[in-house]
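*Asks:* The following block contains a protein sequence and its predicted model.
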Amino acid sequence: MTAEDMNWNSRLCVSYKPAGGASSIVHPINNMELNEEDTVDIMDSIDAHNLGYSFGNPRYSFSFEVKAVNMKVFRQIYSSFRKRTRFSVGMGVVTGLSDDWYLDSVEITNCMITNVSQTVDNTGGVPTLKYQAVALDVSVSNDGTVLTTNHTGGGSGSLT
């Protein structure tokens with residue numbers, strides 16, 4: 001089997017890092033979804049159509065759902081929301097497991113939580129927090145190469 005053959009034995013982990021603090025693994029995490037949006041419009045004129053593209057500002061948002069088992073991280077993430085403080089989130093392949101994911105890691109930085117939904121299960125289930133957040137920067141890496149967004153509407157680096 002080659003390095004690029006996928007058998008999906010990878011397990012991804014998510015870490016949370018408050019501004020100025022230490023990184024902690026978010027466990028257990030039910031799911032995480034990163035959305036990257038690059039607004040693009042087609043440029044037209046009165047003389048011709050489909051002349052080119054006009055790019056708007058990229059937007060990065062994500063959502064994740066956390067079980068309240070790891071109380072320390074659970075409270076830190078919620079505090080970031082209540083205090084309106086920035087934080088970072090990282091996703092990566094768990095060390096020592098198969099590297100079947102298309103990237104080695106994703107780092108989402110300069111994040112702010114925009115919405116928190118709390119769920120309590122009266123049957124004895126673990127409480128859950130669902131977060132929605134926005135970010136200013138996203139950086140991805142694979143096999144030692146890094147692709148990083150910048151604040152001029154593009155990115156630097158490449159992926160192999």
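*Replies:* Received it, and whenever you're ready, just let me know what you need. Numbering: from 1, shown residues only.
*Asks:* where along the chain do the strands fall?
*Replies:* Under the criterion DSSP state E, strands of the chain are mapped to 12-18, 24-26, 29-37, 40-43, 52-55, 59-67, 87-93, 105-119, 128-142, 145-149, 155-157.
*Asks:* Name every strand pairing with the fifth one and say which way it goes.
*Replies:* In this case it means strand 52-55. Next to strand 52-55 in the sheet, as set by DSSP bridges, lie strand 40-43 (antiparallel).
*Asks:* Flag the shaky bits of the protein, pLDDT-wise.
*Replies:* 1-11, 95-100, 151-153, 160 (pLDDT under 70).
*Asks:* As a quick check, tell me the outermost residue of it.
*Replies:* residue 47 (42.6 Å; CA atoms, centre = their mean).
*Asks:* I'd say residue 41 and residue 52 touch.
*Replies:* No - judged on CB atoms under 8 Å, residue 41 makes no contact with residue 52 at a distance of 9.9 Å. Bear in mind the C-beta positions are built from the backbone N, C-alpha and C, glycine included.
*Asks:* before we move on, back to that, among the strands of the chain, which comes closest to residue 81?
*Replies:* strand 105-119 (4.0 Å; CB to CB).
*Asks:* Just give me how far that closest one sits from the chain centre.
*Replies:* Taking CA atoms, centre = their mean, to the nearest Å, one finds the center of strand 105-119 at 8 Å from the center of the full chain.
*Asks:* Quick check: buried residues in it?
*Replies:* By 16 or more other CB atoms under 10 Å, the buried positions in strand 105-119 come out as 105, 106, 107, 108, 109, 111, 113.
*Asks:* got the contact list for residue 23?
*Replies:* 15, 16, 17, 88, 90 (CB atoms under 8 Å, 6 or more residues apart in numbering).
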